[in-house]
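Undergrad: this is a predicted model, with the sequence first.
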Amino acid sequence: MLRVVYSLLFYLSVPLIVIRALLKSKKSKGYLRHFKERFGIIDKAIQPGGIWLHAVSVGETIASVPLMKRLQKQCPNLPLTVTTMTPTGAERVRAAYDDTATHVFVPYDLPSAVKGFLDKVQPSIVIIMETELWPNFLYYCNKRNIPVLLANARLSEKSAKGYARVGRMTRYMLRRINIIAVQTKEDAKRFLKIGAKPNQLAVTGSVKFDVTIPASVHEKANVFRQRFGSDRLVWCAASTHEGEEEKLLTVFEKLMQQFPNLLLLLVPRHPERFAKVAQLCSKKGYKVQLRSDDVNCDNDTQILIGDSMGELNAYYAASDVAFVGGSFIPIGGHNLLEPASLGIPAITGPHVFNFAEITRLLTEAGGVIKVEDSDELTMVLSDWLSDSTKRTAAGQKALQVVKQNGGALDAHVKLVTGLLPSTVCLGKSRENSKKEFLV
(Lines give C-alpha, C1' and ligand atoms only; values in the text may rest on other atoms or scores of the structure.)
Protein backbone atom coordinates (compact mmCIF):
# COMPACT_ATOMS: atom_id res chain seq x y z
CA MET A 1 0.00 0.00 0.00
CA LEU A 2 2.87 2.39 0.83
CA ARG A 3 4.36 1.92 -2.61
CA VAL A 4 0.99 2.59 -4.26
CA VAL A 5 0.57 5.87 -2.36
CA TYR A 6 4.18 6.80 -3.15
CA SER A 7 3.62 6.09 -6.86
CA LEU A 8 0.43 8.15 -6.94
CA LEU A 9 2.20 11.12 -5.34
CA PHE A 10 5.07 10.72 -7.80
CA TYR A 11 2.66 10.82 -10.77
CA LEU A 12 1.04 13.96 -9.35
CA SER A 13 4.46 15.61 -9.08
CA VAL A 14 5.40 14.98 -12.74
CA PRO A 15 4.43 18.54 -13.86
CA LEU A 16 6.76 19.97 -11.22
CA ILE A 17 9.52 17.58 -12.31
CA VAL A 18 9.17 18.76 -15.91
CA ILE A 19 9.28 22.42 -14.84
CA ARG A 20 12.39 21.74 -12.78
CA ALA A 21 14.06 20.06 -15.76
CA LEU A 22 13.21 23.06 -17.95
CA LEU A 23 14.73 25.43 -15.41
CA LYS A 24 17.87 23.31 -15.12
CA SER A 25 18.17 23.14 -18.89
CA LYS A 26 18.79 26.91 -18.95
CA LYS A 27 22.13 26.22 -17.26
CA SER A 28 22.81 22.85 -18.83
CA LYS A 29 20.99 21.79 -22.02
CA GLY A 30 21.83 18.18 -21.22
CA TYR A 31 18.90 18.02 -18.79
CA LEU A 32 16.45 17.92 -21.70
CA ARG A 33 18.55 15.72 -23.96
CA HIS A 34 16.90 12.31 -24.36
CA PHE A 35 14.23 13.46 -21.89
CA LYS A 36 11.91 10.65 -23.03
CA GLU A 37 14.32 8.18 -21.42
CA ARG A 38 13.34 9.60 -18.02
CA PHE A 39 9.91 8.07 -18.68
CA GLY A 40 11.21 4.70 -19.86
CA ILE A 41 10.90 5.52 -23.58
CA ILE A 42 14.17 4.43 -25.18
CA ASP A 43 14.70 4.91 -28.92
CA LYS A 44 18.33 3.80 -29.13
CA ALA A 45 19.25 0.18 -29.80
CA ILE A 46 20.10 -1.78 -26.67
CA GLN A 47 21.33 -5.35 -26.55
CA PRO A 48 19.19 -6.96 -23.82
CA GLY A 49 20.10 -9.50 -21.18
CA GLY A 50 23.28 -7.91 -19.81
CA ILE A 51 24.47 -5.88 -16.83
CA TRP A 52 22.60 -2.77 -15.82
CA LEU A 53 24.84 -0.41 -13.84
CA HIS A 54 23.30 2.64 -12.19
CA ALA A 55 25.67 5.44 -11.14
CA VAL A 56 23.97 8.68 -10.09
CA SER A 57 26.57 11.16 -11.29
CA VAL A 58 30.28 11.77 -11.88
CA GLY A 59 31.71 10.43 -8.63
CA GLU A 60 29.82 7.15 -8.75
CA THR A 61 30.57 6.73 -12.45
CA ILE A 62 34.31 7.16 -11.93
CA ALA A 63 34.28 4.73 -8.99
CA SER A 64 32.43 2.12 -11.05
CA VAL A 65 34.78 2.06 -14.05
CA PRO A 66 37.46 -0.35 -12.70
CA LEU A 67 34.77 -2.80 -11.55
CA MET A 68 32.91 -2.70 -14.84
CA LYS A 69 36.10 -3.06 -16.89
CA ARG A 70 36.89 -6.23 -14.91
CA LEU A 71 33.38 -7.57 -15.43
CA GLN A 72 33.51 -6.83 -19.14
CA LYS A 73 36.63 -9.01 -19.36
CA GLN A 74 35.27 -11.79 -17.16
CA CYS A 75 31.77 -11.77 -18.66
CA PRO A 76 32.45 -10.72 -22.27
CA ASN A 77 29.09 -11.92 -23.59
CA LEU A 78 27.10 -9.66 -21.27
CA PRO A 79 26.34 -6.23 -22.77
CA LEU A 80 26.62 -3.25 -20.44
CA THR A 81 23.96 -0.57 -20.02
CA VAL A 82 24.87 2.35 -17.75
CA THR A 83 22.34 4.81 -16.36
CA THR A 84 23.03 8.15 -14.70
CA MET A 85 20.86 10.90 -13.28
CA THR A 86 22.91 13.85 -14.54
CA PRO A 87 24.31 15.01 -17.90
CA THR A 88 27.82 15.28 -16.40
CA GLY A 89 27.58 11.64 -15.39
CA ALA A 90 26.53 10.79 -18.95
CA GLU A 91 29.63 12.55 -20.30
CA ARG A 92 31.87 10.52 -17.99
CA VAL A 93 30.22 7.27 -19.15
CA ARG A 94 30.85 8.10 -22.79
CA ALA A 95 34.46 9.07 -22.04
CA ALA A 96 35.15 5.94 -19.97
CA TYR A 97 33.53 3.26 -22.14
CA ASP A 98 33.54 4.62 -25.70
CA ASP A 99 31.30 2.17 -27.62
CA THR A 100 31.62 -0.74 -25.16
CA ALA A 101 28.61 0.40 -23.12
CA THR A 102 25.26 2.04 -23.84
CA HIS A 103 24.28 5.07 -21.80
CA VAL A 104 20.66 5.80 -20.93
CA PHE A 105 19.28 8.31 -18.45
CA VAL A 106 17.75 6.46 -15.53
CA PRO A 107 13.94 6.47 -15.62
CA TYR A 108 11.97 8.29 -12.98
CA ASP A 109 10.69 5.92 -10.33
CA LEU A 110 7.24 5.72 -11.87
CA PRO A 111 5.77 2.22 -12.42
CA SER A 112 5.20 2.82 -16.14
CA ALA A 113 8.70 4.26 -16.65
CA VAL A 114 10.47 1.50 -14.73
CA LYS A 115 8.52 -1.26 -16.50
CA GLY A 116 9.20 0.31 -19.89
CA PHE A 117 12.90 0.48 -19.12
CA LEU A 118 13.07 -3.13 -17.91
CA ASP A 119 11.14 -4.34 -20.96
CA LYS A 120 13.78 -2.74 -23.17
CA VAL A 121 16.97 -3.59 -21.23
CA GLN A 122 15.95 -6.97 -19.71
CA PRO A 123 19.00 -7.03 -17.41
CA SER A 124 20.45 -10.24 -16.00
CA ILE A 125 21.72 -8.28 -12.97
CA VAL A 126 21.48 -4.76 -11.59
CA ILE A 127 24.43 -3.07 -9.89
CA ILE A 128 23.70 0.15 -8.01
CA MET A 129 26.75 2.19 -7.04
CA GLU A 130 26.84 3.43 -3.45
CA THR A 131 23.36 4.20 -2.07
CA GLU A 132 20.52 5.00 -4.44
CA LEU A 133 17.25 3.38 -3.35
CA TRP A 134 13.93 3.71 -5.16
CA PRO A 135 10.80 1.67 -4.26
CA ASN A 136 9.43 0.92 -7.75
CA PHE A 137 12.87 0.31 -9.21
CA LEU A 138 13.55 -2.38 -6.57
CA TYR A 139 10.00 -3.77 -6.58
CA TYR A 140 9.91 -4.52 -10.30
CA CYS A 141 13.44 -5.94 -10.34
CA ASN A 142 12.43 -8.26 -7.52
CA LYS A 143 9.16 -9.18 -9.22
CA ARG A 144 11.07 -10.18 -12.37
CA ASN A 145 13.68 -12.12 -10.38
CA ILE A 146 16.49 -9.78 -11.43
CA PRO A 147 19.27 -9.91 -8.78
CA VAL A 148 20.32 -6.54 -7.34
CA LEU A 149 23.71 -5.71 -5.83
CA LEU A 150 24.19 -2.46 -3.94
CA ALA A 151 27.89 -1.94 -4.60
CA ASN A 152 30.44 0.07 -2.64
CA ALA A 153 27.59 1.04 -0.32
CA ARG A 154 28.00 3.65 2.36
CA LEU A 155 25.53 5.10 4.83
CA SER A 156 26.38 8.12 6.93
CA GLU A 157 24.73 8.81 10.28
CA LYS A 158 22.84 11.68 8.66
CA SER A 159 21.51 9.50 5.83
CA ALA A 160 20.63 6.67 8.23
CA LYS A 161 18.49 9.07 10.28
CA GLY A 162 16.74 10.18 7.09
CA TYR A 163 15.94 6.60 6.07
CA ALA A 164 14.82 5.81 9.62
CA ARG A 165 12.13 8.48 9.37
CA VAL A 166 10.46 6.42 6.66
CA GLY A 167 11.29 3.09 8.30
CA ARG A 168 8.58 0.93 6.71
CA MET A 169 9.41 2.07 3.20
CA THR A 170 13.14 1.70 3.85
CA ARG A 171 12.72 -1.88 5.05
CA TYR A 172 10.52 -2.56 2.02
CA MET A 173 13.29 -1.40 -0.31
CA LEU A 174 16.20 -3.07 1.48
CA ARG A 175 14.51 -6.48 1.56
CA ARG A 176 14.40 -6.42 -2.26
CA ILE A 177 18.18 -6.18 -2.59
CA ASN A 178 20.12 -9.44 -2.83
CA ILE A 179 23.48 -8.21 -1.53
CA ILE A 180 24.58 -4.95 0.08
CA ALA A 181 28.37 -4.69 -0.29
CA VAL A 182 29.30 -2.11 2.32
CA GLN A 183 32.56 -0.23 2.64
CA THR A 184 32.98 -0.55 6.43
CA LYS A 185 31.58 -2.37 9.46
CA GLU A 186 30.14 0.96 10.63
CA ASP A 187 28.17 1.21 7.37
CA ALA A 188 26.95 -2.37 7.90
CA LYS A 189 25.72 -1.57 11.42
CA ARG A 190 23.78 1.42 10.13
CA PHE A 191 22.16 -0.67 7.40
CA LEU A 192 21.15 -3.23 10.03
CA LYS A 193 19.56 -0.49 12.13
CA ILE A 194 17.37 0.70 9.25
CA GLY A 195 16.14 -2.77 8.33
CA ALA A 196 18.68 -4.80 6.38
CA LYS A 197 19.17 -8.46 7.33
CA PRO A 198 22.61 -9.81 8.33
CA ASN A 199 22.65 -12.32 5.46
CA GLN A 200 22.32 -9.47 2.95
CA LEU A 201 25.49 -7.71 4.08
CA ALA A 202 29.08 -8.18 2.94
CA VAL A 203 31.89 -5.92 4.17
CA THR A 204 34.20 -5.45 1.19
CA GLY A 205 35.98 -2.14 1.70
CA SER A 206 35.82 0.61 -0.90
CA VAL A 207 36.54 -0.03 -4.58
CA LYS A 208 37.93 3.49 -4.67
CA PHE A 209 41.11 2.15 -3.04
CA ASP A 210 41.70 -0.11 -6.06
CA VAL A 211 43.14 2.66 -8.17
CA THR A 212 45.15 2.22 -11.34
CA ILE A 213 46.52 5.47 -12.70
CA PRO A 214 46.89 5.36 -16.50
CA ALA A 215 50.18 6.59 -17.94
CA SER A 216 48.16 9.16 -19.87
CA VAL A 217 47.35 10.97 -16.60
CA HIS A 218 51.02 11.52 -15.81
CA GLU A 219 51.73 12.49 -19.41
CA LYS A 220 48.97 15.11 -19.33
CA ALA A 221 50.17 16.30 -15.90
CA ASN A 222 53.65 16.88 -17.29
CA VAL A 223 52.15 18.98 -20.09
CA PHE A 224 50.09 20.95 -17.55
CA ARG A 225 53.12 21.54 -15.38
CA GLN A 226 55.02 23.04 -18.28
CA ARG A 227 52.03 25.23 -19.08
CA PHE A 228 51.68 26.36 -15.46
CA GLY A 229 55.36 27.22 -15.24
CA SER A 230 57.71 24.52 -13.96
CA ASP A 231 59.26 26.86 -11.36
CA ARG A 232 55.92 27.81 -9.76
CA LEU A 233 54.22 26.31 -6.73
CA VAL A 234 50.71 25.07 -7.59
CA TRP A 235 47.80 24.72 -5.16
CA CYS A 236 44.85 22.74 -6.55
CA ALA A 237 41.49 23.48 -4.90
CA ALA A 238 39.12 20.92 -6.42
CA SER A 239 35.45 19.95 -6.32
CA THR A 240 34.49 23.27 -4.74
CA HIS A 241 30.91 24.35 -4.12
CA GLU A 242 28.98 27.59 -3.74
CA GLY A 243 30.21 29.32 -0.58
CA GLU A 244 33.67 27.74 -0.59
CA GLU A 245 35.42 29.78 -3.27
CA GLU A 246 35.06 33.00 -1.26
CA LYS A 247 36.87 31.38 1.67
CA LEU A 248 39.55 29.91 -0.55
CA LEU A 249 40.23 33.26 -2.20
CA THR A 250 40.72 34.80 1.24
CA VAL A 251 43.29 32.09 1.99
CA PHE A 252 44.93 32.64 -1.40
CA GLU A 253 45.26 36.37 -0.72
CA LYS A 254 47.19 35.64 2.48
CA LEU A 255 49.38 33.00 0.84
CA MET A 256 50.29 35.38 -1.99
CA GLN A 257 52.10 37.57 0.52
CA GLN A 258 54.45 34.68 1.32
CA PHE A 259 54.43 32.97 -2.09
CA PRO A 260 53.94 35.72 -4.70
CA ASN A 261 54.43 33.28 -7.57
CA LEU A 262 51.84 30.77 -6.31
CA LEU A 263 49.29 29.55 -8.87
CA LEU A 264 45.81 28.58 -7.69
CA LEU A 265 44.24 25.86 -9.83
CA LEU A 266 40.54 26.18 -8.98
CA VAL A 267 38.22 23.39 -10.14
CA PRO A 268 34.50 23.88 -9.30
CA ARG A 269 32.52 20.67 -8.81
CA HIS A 270 29.74 21.50 -11.26
CA PRO A 271 30.37 22.65 -14.86
CA GLU A 272 27.48 25.12 -14.80
CA ARG A 273 29.43 27.13 -12.18
CA PHE A 274 32.67 27.48 -14.17
CA ALA A 275 31.82 30.92 -15.61
CA LYS A 276 30.41 32.23 -12.32
CA VAL A 277 33.54 31.25 -10.38
CA ALA A 278 35.78 32.80 -13.03
CA GLN A 279 33.81 36.04 -12.73
CA LEU A 280 34.12 35.96 -8.94
CA CYS A 281 37.91 35.63 -9.16
CA SER A 282 38.15 38.45 -11.70
CA LYS A 283 36.01 40.74 -9.54
CA LYS A 284 38.43 40.10 -6.68
CA GLY A 285 41.15 41.56 -8.88
CA TYR A 286 42.98 38.37 -9.85
CA LYS A 287 44.41 37.66 -13.29
CA VAL A 288 42.34 34.64 -14.35
CA GLN A 289 42.83 32.15 -17.14
CA LEU A 290 40.63 29.23 -18.25
CA ARG A 291 41.81 25.71 -19.00
CA SER A 292 39.58 25.85 -22.08
CA ASP A 293 41.74 28.69 -23.45
CA ASP A 294 44.34 25.93 -24.00
CA VAL A 295 47.34 28.25 -23.69
CA ASN A 296 50.31 28.55 -21.34
CA CYS A 297 49.95 30.52 -18.13
CA ASP A 298 52.10 33.64 -18.21
CA ASN A 299 53.84 34.93 -15.10
CA ASP A 300 50.95 37.29 -14.37
CA THR A 301 48.32 34.53 -14.28
CA GLN A 302 47.32 33.97 -10.66
CA ILE A 303 44.29 31.68 -10.96
CA LEU A 304 43.57 28.98 -13.52
CA ILE A 305 39.97 27.73 -13.67
CA GLY A 306 39.86 24.01 -14.47
CA ASP A 307 36.78 24.27 -16.69
CA SER A 308 37.06 20.80 -18.23
CA MET A 309 35.71 17.34 -17.56
CA GLY A 310 37.76 14.19 -17.02
CA GLU A 311 41.04 15.92 -16.18
CA LEU A 312 40.87 16.16 -12.39
CA ASN A 313 43.50 13.47 -11.75
CA ALA A 314 45.88 15.23 -14.13
CA TYR A 315 45.23 18.51 -12.29
CA TYR A 316 46.10 16.85 -8.98
CA ALA A 317 49.21 15.20 -10.42
CA ALA A 318 50.44 18.55 -11.74
CA SER A 319 50.04 20.24 -8.34
CA ASP A 320 52.13 20.46 -5.18
CA VAL A 321 49.27 20.39 -2.66
CA ALA A 322 45.51 19.93 -2.86
CA PHE A 323 42.37 21.01 -1.08
CA VAL A 324 39.30 18.81 -1.66
CA GLY A 325 36.04 20.75 -1.52
CA GLY A 326 32.52 20.01 -0.41
CA SER A 327 34.03 20.02 3.06
CA PHE A 328 33.91 23.66 4.21
CA ILE A 329 30.13 23.46 3.88
CA PRO A 330 27.94 20.50 4.96
CA ILE A 331 28.05 18.68 1.61
CA GLY A 332 29.96 15.77 3.17
CA GLY A 333 33.26 16.06 1.28
CA HIS A 334 34.55 14.46 -1.89
CA ASN A 335 36.99 11.71 -2.76
CA LEU A 336 40.34 12.23 -1.01
CA LEU A 337 41.68 9.05 -2.60
CA GLU A 338 42.13 10.83 -5.92
CA PRO A 339 45.05 13.02 -4.79
CA ALA A 340 46.23 10.27 -2.40
CA SER A 341 46.58 7.74 -5.22
CA LEU A 342 48.88 10.21 -6.97
CA GLY A 343 51.04 10.87 -3.90
CA ILE A 344 49.72 14.43 -3.50
CA PRO A 345 49.22 15.67 0.09
CA ALA A 346 45.68 16.98 0.64
CA ILE A 347 43.67 19.08 3.02
CA THR A 348 39.97 18.85 3.75
CA GLY A 349 37.50 20.88 5.74
CA PRO A 350 35.50 19.54 8.72
CA HIS A 351 32.45 18.22 6.82
CA VAL A 352 33.52 14.78 5.58
CA PHE A 353 30.64 12.54 6.63
CA ASN A 354 30.36 10.99 3.16
CA PHE A 355 33.96 9.80 3.38
CA ALA A 356 34.42 9.45 7.13
CA GLU A 357 36.38 6.17 7.14
CA ILE A 358 38.60 7.10 4.19
CA THR A 359 39.33 10.47 5.82
CA ARG A 360 40.13 8.80 9.14
CA LEU A 361 42.63 6.40 7.56
CA LEU A 362 44.37 9.14 5.59
CA THR A 363 44.52 11.64 8.45
CA GLU A 364 45.82 9.06 10.92
CA ALA A 365 48.57 8.17 8.45
CA GLY A 366 49.51 11.82 8.00
CA GLY A 367 48.66 11.98 4.29
CA VAL A 368 45.68 14.30 4.79
CA ILE A 369 45.09 17.10 7.27
CA LYS A 370 41.58 18.10 8.31
CA VAL A 371 41.13 21.78 9.17
CA GLU A 372 38.24 23.55 10.83
CA ASP A 373 38.41 26.95 9.14
CA SER A 374 40.25 29.11 6.63
CA ASP A 375 42.84 30.23 9.19
CA GLU A 376 43.91 26.64 9.79
CA LEU A 377 43.92 26.01 6.04
CA THR A 378 46.26 28.97 5.56
CA MET A 379 48.66 27.65 8.20
CA VAL A 380 48.80 24.11 6.79
CA LEU A 381 49.26 25.30 3.22
CA SER A 382 51.99 27.70 4.29
CA ASP A 383 53.77 24.89 6.10
CA TRP A 384 53.60 22.44 3.19
CA LEU A 385 54.40 24.99 0.50
CA SER A 386 57.45 26.09 2.48
CA ASP A 387 58.88 22.58 2.84
CA SER A 388 59.03 20.26 -0.17
CA THR A 389 60.38 17.39 1.97
CA LYS A 390 57.43 17.60 4.35
CA ARG A 391 54.77 17.68 1.65
CA THR A 392 56.44 14.87 -0.31
CA ALA A 393 56.51 12.70 2.82
CA ALA A 394 52.81 13.40 3.46
CA GLY A 395 51.96 12.50 -0.13
CA GLN A 396 53.80 9.19 0.16
CA LYS A 397 51.96 8.36 3.39
CA ALA A 398 48.66 8.95 1.59
CA LEU A 399 49.74 6.74 -1.30
CA GLN A 400 50.70 3.96 1.12
CA VAL A 401 47.19 3.99 2.62
CA VAL A 402 45.73 3.50 -0.85
CA LYS A 403 48.03 0.56 -1.54
CA GLN A 404 47.35 -1.12 1.81
CA ASN A 405 43.57 -1.02 1.50
CA GLY A 406 43.07 -2.54 -1.95
CA GLY A 407 41.09 -5.71 -2.59
CA ALA A 408 37.49 -4.48 -2.65
CA LEU A 409 37.43 -4.80 -6.42
CA ASP A 410 38.13 -8.55 -6.29
CA ALA A 411 35.47 -8.97 -3.61
CA HIS A 412 32.87 -7.17 -5.74
CA VAL A 413 33.68 -9.25 -8.82
CA LYS A 414 33.11 -12.43 -6.76
CA LEU A 415 29.79 -11.12 -5.47
CA VAL A 416 28.57 -10.18 -8.94
CA THR A 417 29.56 -13.47 -10.56
CA GLY A 418 27.99 -15.32 -7.64
CA LEU A 419 24.63 -13.80 -8.58
CA LEU A 420 24.91 -14.79 -12.25
CA PRO A 421 24.36 -18.21 -13.86
CA SER A 422 27.48 -20.40 -13.80
CA THR A 423 27.76 -20.42 -17.60
CA VAL A 424 27.81 -16.64 -18.04
CA CYS A 425 31.27 -15.59 -16.81
CA LEU A 426 34.73 -16.93 -17.58
CA GLY A 427 36.63 -18.72 -14.84
CA LYS A 428 33.65 -18.83 -12.51
CA SER A 429 33.80 -21.55 -9.87
CA ARG A 430 32.14 -22.54 -6.64
CA GLU A 431 34.94 -20.79 -4.81
CA ASN A 432 34.36 -17.36 -6.27
CA SER A 433 30.64 -17.60 -5.64
CA LYS A 434 31.15 -17.59 -1.87
CA LYS A 435 30.31 -14.53 0.17
CA GLU A 436 31.59 -13.58 3.59
CA PHE A 437 28.63 -12.08 5.41
CA LEU A 438 28.62 -9.91 8.44
CA VAL A 439 26.88 -11.74 11.30
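TA: Cool, the structure landed.
Undergrad: so what's the residue of the chain most remote from its centre up against?
TA: When distances are taken from the C-alpha mean of the chain, Q257 lies farthest, 35.3 Å away, according to C-alpha atoms, centre = their mean. Q257 makes contact with no residue under the criterion C-beta atoms under 8 Å, 6 or more residues apart in numbering. Glycine gets a C-beta too; all of them are placed from N, C-alpha and C.
Undergrad: next one: it from A394, what distance?
TA: According to C-beta to C-beta, to the nearest Å, Q257 stands 23 Å off from A394.
Undergrad: also Q74?
TA: Using C-beta to C-beta, one gets 37 Å for the distance from Q74 to A394.
Undergrad: for L192, same thing?
TA: Relative to A394, L192 is positioned 36 Å away (C-beta to C-beta).
Undergrad: and these two? which has more neighbours close in?
TA: A direct count of neighbours by other C-beta atoms under 10 Å for L192 and A394 places A394 higher, at 26 against 17.
Undergrad: next, count neighbours for S230.
TA: A count of neighbours around S230, defined by other C-beta under 10 Å, yields 8.
Undergrad: doesn't F323 fall inside a strand?
TA: Yes - using DSSP: H, G, I helix; E, B strand; the rest coil, the assignment for F323 is a strand.
Undergrad: okay, and the most centrally placed residue in the chain sits in which element?
TA: Taking C-alpha atoms, centre = their mean as the criterion, G59 is the residue nearest the geometric centre of the chain, at 1.4 Å. Assigned by DSSP states H and E, G59 belongs to helix 58-74.
Undergrad: which neighbours does the helix or strand following that helix have in its sheet, and in what orientation?
TA: As assigned by DSSP H and E, the chain's next helix or strand after helix 58-74 is strand 80-84. Strands that pair with strand 80-84, judged by DSSP bridges, come out as strand 51-54 (parallel), strand 102-105 (parallel).
Undergrad: now do the strands in the chain.
TA: Using DSSP state E, the strands of the chain run over 51-54, 80-84, 102-105, 125-129, 148-153, 179-182, 201-203, 234-240, 263-268, 288-290, 303-305, 321-324, 346-348, 368-370.
Undergrad: low-confidence ranges in this structure?
TA: By pLDDT under 70, the low-scoring segments of the chain are 28-31, 427-439.
Undergrad: which segments of it make up each domain?
TA: 39-210+407-433, 215-404 (automatic domain parsing).
Undergrad: how long is the last one from one end to the other?
TA: Okay, so that is domain 215-404. Here the two ends of domain 215-404 are set 21 Å apart, with distance taken as C-alpha to C-alpha, to the nearest Å.
Undergrad: next one: it to chain centre, how far?
TA: What separates the centre of domain 215-404 from the centre of its chain is 17 Å, taken as C-alpha atoms, centre = their mean, to the nearest Å.
Undergrad: ok, now stretch 192-201?
TA: Its chain's average C-alpha position is 24 Å from that of stretch 192-201, according to C-alpha atoms, centre = their mean.
Undergrad: residues contacting H270?
TA: With contact taken as C-beta under 8 Å, 6+ apart, H270 is in contact with T88, H241.
Undergrad: and it, how far from S57?
TA: 10 Å.
Undergrad: contact partners for N152?
TA: Neighbour list for N152: A63, S64, M129, E130, A181, Q183, T204, S206, V207, K208, A408, H412 [criterion: C-beta under 8 Å, 6+ apart].
Undergrad: identify the bridge partners of the third one.
TA: Think M129. With DSSP bridges applied, the residues forming beta bridges to M129 are A151.
Undergrad: I'd say it and L149 touch.
TA: No - with contact defined as C-beta atoms under 8 Å, M129 does not count as touching L149 (9.8 Å).
Undergrad: so for the two, which sits in the more crowded spot?
TA: Neighbour tally, M129 and L149, criterion other C-beta under 10 Å: the higher count belongs to M129, 26 against 23.
Undergrad: and the residue nearest to A393 when sequence neighbours are not counted, its phi and psi?
TA: Here the nearest residue to A393 in space, its sequence neighbours aside, is G366; by C-beta to C-beta, 6 or more residues apart in numbering that works out to 7.8 Å. The phi and psi torsions at G366 (degrees, to the nearest 10) take the values phi 90, psi 10.
Undergrad: use 175 as the first number for this chain going forward.
TA: In the new numbering, first residue 175, that becomes G540.
Undergrad: residues contacting G540?
TA: Contacts here follow C-beta under 8 Å, 6+ apart; on that basis G540 touches A567, A568, K571.
Undergrad: related to what we said a few turns ago, any residues in contact with both of H444 and S231?
TA: Contact with both H444 and S231 is made by residues T262, according to C-beta under 8 Å, 6+ apart.
Undergrad: could you give me the buried positions within the helix holding G233?
TA: 232-246, 248 (16 or more other C-beta atoms under 10 Å).
Undergrad: next, the angle from that helix to strand 254-258.
TA: With axes from the mean of the first three to the mean of the last three C-alpha atoms, to 10 degrees as the basis, helix 232-248 and strand 254-258 are set at 170 degrees to each other.
Undergrad: name the surrounding residues that touch helix 232-248.
TA: Residues from elsewhere that reach helix 232-248, judged by C-beta under 8 Å, 6+ apart: 225, 227, 229, 252, 254, 256, 258, 260, 262-263, 266-267, 270-271, 274-275, 301, 303-304, 306, 325-326, 381-382, 384-386, 483, 508-509, 583, 586-587, 590-591, 599-602.
Undergrad: hmm, try it at 7 Å
TA: With contacts defined as C-beta atoms under 7 Å, 6 or more residues apart in numbering, helix 232-248 is touched by 225, 227, 229, 254, 258, 262-263, 266-267, 270, 274, 303-304, 325-326, 381-382, 384, 386, 508-509, 583, 586-587, 590-591, 599-601.
Undergrad: and those residues, which are buried?
TA: Burial by neighbour count, judged by 16+ other C-beta under 10 Å, picks out 225, 227, 229, 254, 258, 262-263, 266-267, 270, 303-304, 325-326, 381-382, 384, 508-509, 583, 586-587, 590-591, 599 from the contacts of helix 232-248.
Undergrad: that older thread, the residue nearest to A567 and L227: what is the separation?
TA: Distance, G540 to L227, by C-beta to C-beta: 35 Å.
Undergrad: next, count neighbours for Y490.
TA: The number of residues packed near Y490 is 25, by other C-beta under 10 Å.
Undergrad: these two touch, right, it and A514?
TA: No - contact status for Y490 versus A514: not in contact, 9.3 Å apart, counting by C-beta atoms under 7 Å.
Undergrad: just the terminal-to-terminal distance for stretch 452-469.
TA: 16 Å.
Undergrad: need the contact list for K394.
TA: Listed by C-beta under 7 Å, 6+ apart, the contact set of K394 reads E485, A488.
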